[in-house]
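Novice: Could you look at this predicted model? Sequence included:
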Amino acid sequence: MSYPKPTDAQVAFFDEHGYLVVQDAIAEHDLVEIETFCDGILADKENLANDWAWDERESSEERSFRIVQANPFELFPELDDQIYRTWAATFGSALLGRAVAFKYDQFLAKRPGHSVPTWWHQDEGYWGRALTNRGITCWIPLQDVDETNGCMHFSDGAHRRGVFPHERVPGLKSDILRCEVDDSKTIACPIRRGSVTFHHSATPHMTTENRSRRWRKALTQHFWDPEVPHGPAGGDFYEWRVIAPQTKSTARASGLRTEDEA
Ligand SMILES: O=C(O)CCC(=O)C(=O)O
């Protein structure tokens, strides 16, 4: 199979709605490779991953990993030139109408039967003011997804409404944020393995908790205008932003060094 090119209708849809589903985009052999690397992270999540919904009552040894969060690009540099990354950069540049380049990725896995939603948020709520309208995300689920196991939901057209106030989620000690959206604009995007979603950096989005019997795994890739003048840890952040890496690799992905590496 060859990776698809964006059509004018897809570019127009993205511009109006702030998100897009691309069906059957990623080749199965590439999905298998992504999943092999990500399963390696899952097997050693205590050392390689954050618990993105870390319950404040749990010690670091007891983290129950309701959302596993790691940075494959930091752990596996051999993935640098993979086609799903270069394709998503090209496709995303066309959708956004400006050139973007790969910035970082995240492996996000939701434990079966013990997970939480990834609450409504805008990526710009994390990335800061320098990213205004200058980023796009390509989300690759590694199994079929729907509302029972954590598919994407978008707030239709809300990328044109600026950045909403965000807050930390009470009871958690990770850096995860949430915001309020207009419920009447919510679009759920159930998709099959191989399909992806793109969203604009100001599009509010969320995924539901995983109520299935299997892990819900996804690789999300973030693309920024290369002219953005700062790294993830050095910028013009909103006041609600916290940076709380739990491992060396997730610290490095934030542009930070742990104390023993300094
Ligand atoms: O996979 C998830 O749970 C959330 C992904 C997300 O928020 C993103 O890709 O921007």
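Specialist: Thanks, I have it.
Novice: Can you name the residues bridging to Q106?
Specialist: Per DSSP bridges, residues listed as beta-bridge partners of Q106: T220.
Novice: List the contacts of it.
Specialist: Q69, A70, N71, P72, L219, T220, H222 (CB atoms under 8 Å, 6 or more residues apart in numbering). (C-beta placed from N, C-alpha, C; glycine too.)
Novice: Mind doing that once more with 10 Å?
Specialist: Residues counted as contacts of Q106 (CB atoms under 10 Å, 6 or more residues apart in numbering) are 49-50, 52, 68-73, 137, 139, 218-222, 250, 253.
Novice: Filter the residues you listed down to the buried ones, ChimeraX style.
Specialist: Applying 16 or more other CB atoms under 10 Å to these, the buried members can be selected in ChimeraX as follows:
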select :49,50,52,68,69,70,71,72,73,137,139,218,219,220,221,222,250,253
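Novice: Return the subset of the contacts of Q106 lying in helices.
Specialist: P72, F73, T250, A253 (DSSP state H).
Novice: Any idea which of those residues the model trusts least?
Specialist: Here the lowest pLDDT out of those sits on A253, with 88.
Novice: how close does it sit to the ligand?
Specialist: A253 sits 14 Å away from the ligand, going by CB to the nearest ligand atom, to the nearest Å.
Novice: Repeat that for D156.
Specialist: For D156, the distance to the ligand - CB to the nearest ligand atom - is 16 Å.
Novice: Backbone dihedrals for that residue, please?
Specialist: Dihedral pair for D156: phi -60, psi 120, per degrees, to the nearest 10.
Novice: what pLDDT does the closest residue to it other than its chain neighbours get?
Specialist: Of all residues not flanking D156 in the chain, K185 sits nearest, at 4.5 Å (CB to CB, 6 or more residues apart in numbering). Here the pLDDT value assigned to K185 is 97.
Novice: For K185, list the residues it contacts.
Specialist: By CB under 10 Å, 6+ apart, the neighbours of K185 are H17, F154, S155, D156, G157, A158, R161, P204.
Novice: by contact count, what packs against the lengthiest helix in the chain?
Specialist: Taking DSSP H as the assignment, the helix of the chain that covers the most residues is helix 28-43. Contact partners of helix 28-43 among helices and strands, from 3 or more CB pairs under 10 Å, 6 or more residues apart in numbering; DSSP states H and E: helix 45-48, strand 67-70, helix 72-75, helix 83-96, strand 101-110, strand 135-141, strand 216-224.
Novice: Reformat the ones you listed into JSON lines and put distance to the ligand next to each item.
Specialist: Listed next are those as JSON lines, based on distance: least, CB to the nearest ligand atom, whole Å:
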{"stretch": "helix 45-48", "distance to the ligand": "15"}
{"stretch": "strand 67-70", "distance to the ligand": "7"}
{"stretch": "helix 72-75", "distance to the ligand": "13"}
{"stretch": "helix 83-96", "distance to the ligand": "12"}
{"stretch": "strand 101-110", "distance to the ligand": "4"}
{"stretch": "strand 135-141", "distance to the ligand": "4"}
{"stretch": "strand 216-224", "distance to the ligand": "3"}
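Novice: mind giving me CSV with those and columns for distance to S195?
Specialist: What follows is those, written out as CSV (distance: least, CB to CB, whole Å):
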stretch, distance to S195
helix 45-48, 26
strand 67-70, 22
helix 72-75, 20
helix 83-96, 12
strand 101-110, 17
strand 135-141, 8
strand 216-224, 12
